[in-house]
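*Asks:* Next input, structure requested:
(2 chains)
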2 protein chains.
Amino acid sequence: MSEALKPSLHTVLTPQLLDLYEIKDSIVVIIDVFRATSTMATALYNGATKIIPVDSPETCIEIGTATGGITAGERDGKIIPGLSYGNSPSEYPRSFIENKTLVITTTNGTKLLHMALKKGAKEIITGSFPNISKVVDYLKAQNAPVILGCSGWKNRFNIEDTLFAGAVIEQIKDQFTIHCDSSYMANQLYNANKNDLHNYIKTLTHWHRLAAYGLEADMLYCISADTAPCLPLFKDGALINQG
Amino acid sequence: MSEALKPSLHTVLTPQLLDLYEIKDSIVVIIDVFRATSTMATALYNGATKIIPVDSPETCIEIGTATGGITAGERDGKIIPGLSYGNSPSEYPRSFIENKTLVITTTNGTKLLHMALKKGAKEIITGSFPNISKVVDYLKAQNAPVILGCSGWKNRFNIEDTLFAGAVIEQIKDQFTIHCDSSYMANQLYNANKNDLHNYIKTLTHWHRLAAYGLEADMLYCISADTAPCLPLFKDGALINQG
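*Replies:* Predicted structure coming up:
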């Protein structure tokens, strides 16, 4: 395909930069490696009927009550009062989550998803290492502009979401026109560290934050590729598994 | 010095993220590699009395008229109508700029400087490769928190400003407490590319933008270290050379 005919790809490093990008014709990939989108992929792969991402604990309780869904959300490593479960992928094995609805609120990922929705994204999916190949295959097949949206940490840049963006770019870059320093940086960062991800993530600010809550195993799971192969697509207010 | 006693260091990747950081006790380093802060260092090193950075062409004309200063500013590679000179460091040799006042407006750098001023930065200096060692020496001597402020491109992330932040971090990191993914990334990006900066910058979005205006030589100058050793410090509305 000639360069001019390839769709564009941009990486948005934090939610606070989303307004700088036109997203109406784009597929937006919501990325929250530690741990929202990793947990979402895991729950859907393990048979959850759907996931309703909400932007506040109050809405979580309200929708949980209305749907009979499981409510989940953490702040500072603890389950939010009034909700029933946390943000860890380990809490959602098939034996527990199959055929259930999960209503979840998180610090960064669900917020970005709602921002992208409000800004009129053509389509929203979620991405994480546990479902990376499904994301890559989907983006390759659509022939549409792509926004890789990093959830960051309270609007600041974080490395783990950028690493995932770089990993996706590495696999799809030949099919896209990329004039975007954020994407070049993400791709280079991933390639520089891909052979030692397990040690590299131990140097990051988020590692130290979550390790203080004893969540090291969660984080190692969250950078493992294709352990939960599914495609969470946002449709009619919920993420469903598109296969 | 024990870790707890070292001052903090953060990197702000674009002006749009500045509001996420507390800067009142910090020295803010304004970074606009292509080309505002490189040109400012060059003009001061070549003997300009002072540089008045302003945030609009209208203010530039007004202050230029009031002070008898030289007005400068470009948009899209052309001198802004009503101003007299452009943003190229090559326009400010000693034979021209010595003992003169430069009043300058630029797309990104002067905007960030005014944002930092408004937000109450303790001190503002400008940084660029042509004066990097002076910046490093100054920051090492102050024992104060540091914000490395990248001007970016129209609020988006750019690589060249981040590279400069990474180059500074490489030289001062032992003296600071750094819990900041942006700084870790900047430092790694610099180290990965420092031995081939001339080729690396040719892959960046800004290179292509400015090369279209024939400004390749400008950009190669702007990534050359210590060609204009001086320290531009903002004081009483203007940047002056602190030596």
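*Asks:* From here on, just use CA atoms for contacts and neighbour counts.
*Replies:* Will do.
*Asks:* Okay, the closest residue in space to residue A:201 that isn't next to it in sequence and residue A:101: tell me how far apart.
*Replies:* Spatial nearest neighbour of residue A:201, excluding adjacent residues (Cα to Cα, 6 or more residues apart in numbering or on different chains): residue A:207 at 6.5 Å. Here residue A:207 is placed at a distance of 29 Å from residue A:101 (Cα to Cα, to the nearest Å).
*Asks:* Have a look at these two and say which one is more surrounded.
*Replies:* Set residue A:207 next to residue A:101 and count neighbours by other Cα atoms under 10 Å in any protein chain shown: residue A:101 wins out with 22 against 18.
*Asks:* Can you report how many residues lie near residue A:18?
*Replies:* Other residues close to residue A:18 by other Cα under 10 Å number 20.
*Asks:* re the thing from before, and the helix or strand hosting the residue nearest to residue A:201, what does it pack onto?
*Replies:* In this assignment (DSSP states H and E), residue A:207 forms part of helix A:205-211. Judged by 3 or more Cα pairs under 8 Å, 6 or more residues apart in numbering or on different chains; DSSP states H and E, the packing partners of helix A:205-211 are helix A:216-222.
*Asks:* got the buried residues for the helix it packs on?
*Replies:* Neighbour-count burial for helix A:216-222, counted by 16 or more other Cα atoms under 10 Å in any protein chain shown, picks out A:218-222.
*Asks:* what are the ranges of the helices in chain A?
*Replies:* Here chain A has its helices, by DSSP state H, at A:36-45, A:57-67, A:94-97, A:109-118, A:132-142, A:159-172, A:181-193, A:197-200, A:205-211, A:216-222.
*Asks:* For residue A:97, see how far away the residue nearest to residue A:189 when sequence neighbours are not counted is.
*Replies:* The shortest distance from residue A:189 to any non-neighbouring residue, by Cα to Cα, 6+ apart, is to residue A:163 (6.4 Å). Residue A:163 sits 29 Å away from residue A:97, going by Cα to Cα.
*Asks:* Ok, residue A:22 next?
*Replies:* From residue A:22 to residue A:97 the distance is 36 Å (Cα to Cα).
*Asks:* quick one, which of the two is more surrounded?
*Replies:* Set residue A:22 next to residue A:97 and count neighbours by other Cα under 10 Å: residue A:97 wins out with 20 against 12.
*Asks:* hang on, the more buried one packs against residue A:46?
*Replies:* Yes: in this structure, residue A:97 is within contact of residue A:46 by Cα atoms under 8 Å, at 6.7 Å.
*Asks:* bridging residues for the residue most central in space within chain A?
*Replies:* By Cα atoms, centre = their mean, chain A has its centre lying nearest to residue A:31, at 2.9 Å. Residue A:31 has these beta-bridge partners by DSSP bridges: residue A:127, residue A:150.
*Asks:* you'd agree it is up against residue A:129?
*Replies:* No: the pair residue A:31 / residue A:129 is not scored as a contact, 9.5 Å apart, by Cα under 8 Å.
*Asks:* residue contacts, residue A:242?
*Replies:* With contacts defined as Cα atoms under 8 Å, 6 or more residues apart in numbering or on different chains, residue A:242 is in contact with A:230-233.
*Asks:* one more time with 6 Å
*Replies:* Contacts here follow Cα atoms under 6 Å, 6 or more residues apart in numbering or on different chains; on that basis residue A:242 touches residue A:231.
*Asks:* any idea how far it lies from residue A:209?
*Replies:* 33 Å.
*Asks:* who in chain A is up against chain B?
*Replies:* Those residues of chain A that sit near chain B, judged by Cα under 6 Å from any Cα of the partner chain, are A:158-159, A:181.
*Asks:* would you turn those residues into a markdown table with pLDDT and neighbour count?
*Replies:* A markdown table is the format used below for those (pLDDT from 0 to 100; neighbours: other Cα atoms under 10 Å in any protein chain shown):
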| residue | pLDDT | neighbour count |
| --- | --- | --- |
| A:158 | 97 | 25 |
| A:159 | 97 | 26 |
| A:181 | 97 | 21 |
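*Asks:* ok so, going back, out of the buried residues of helix A:216-222, the closest to chain B would be?
*Replies:* residue A:219 (16.4 Å; Cα to the nearest Cα).
*Asks:* What's the separation between that closest one and residue B:181?
*Replies:* Distance from residue A:219 to residue B:181, by Cα to Cα: 16 Å.
*Asks:* For chain A, give me the ranges with low pLDDT.
*Replies:* A:1-4 (pLDDT under 70).
*Asks:* now do 90
*Replies:* Counting by pLDDT under 90, the ranges of chain A that qualify are A:1-5, A:55, A:74-78, A:107, A:208-209, A:243.
*Asks:* which non-adjacent residue is nearest residue A:237?
*Replies:* Per Cα to Cα, 6+ apart, closest to residue A:237 is residue A:52, 6.6 Å.
*Asks:* what number of residues lie near that neighbour?
*Replies:* The burial count for residue A:52: 25, using other Cα under 10 Å.
*Asks:* was I right about residue A:226 contacting residue A:131?
*Replies:* Yes: applying Cα atoms under 6 Å, one finds residue A:226 in contact with residue A:131, separated by 4.9 Å.
*Asks:* The two - which one has more neighbours?
*Replies:* A direct count of neighbours by other Cα under 10 Å for residue A:226 and residue A:131 places residue A:131 higher, at 26 against 16.
*Asks:* List the contacts of the more buried one.
*Replies:* A:226, A:228-230.
*Asks:* Kindly recompute the last result at 8 Å.
*Replies:* Residue A:131 neighbours (Cα under 8 Å, 6+ apart): A:38, A:41, A:225-231.
*Asks:* same deal with residue A:225?
*Replies:* Residue A:225 sits in contact with A:129-133, where contact means Cα under 8 Å, 6+ apart.
*Asks:* Swap in 10 Å and give it another go.
*Replies:* A:128-133 (Cα atoms under 10 Å, 6 or more residues apart in numbering or on different chains).
*Asks:* do residue A:208 as well
*Replies:* Residue A:208 touches A:201-202, A:214-216, B:179, counting by Cα under 10 Å, 6+ apart.
*Asks:* again with residue A:179
*Replies:* With Cα under 10 Å, 6+ apart, residue A:179 has these contacts: A:8-10, B:203-206, B:208.
*Asks:* Check the gap between it and residue B:204 for me.
*Replies:* 8 Å.
*Asks:* before we move on, what about residue A:157?
*Replies:* 20 Å.
*Asks:* Please identify which of the two sits among more neighbours.
*Replies:* Taking residue A:157 and residue B:204 together and counting by other Cα under 10 Å, residue A:157 has the greater number of neighbours (26 against 18).
*Asks:* what's near enough to touch that one?
*Replies:* A:12-16, A:150-151, B:11-13, B:17, B:180-183, B:185.
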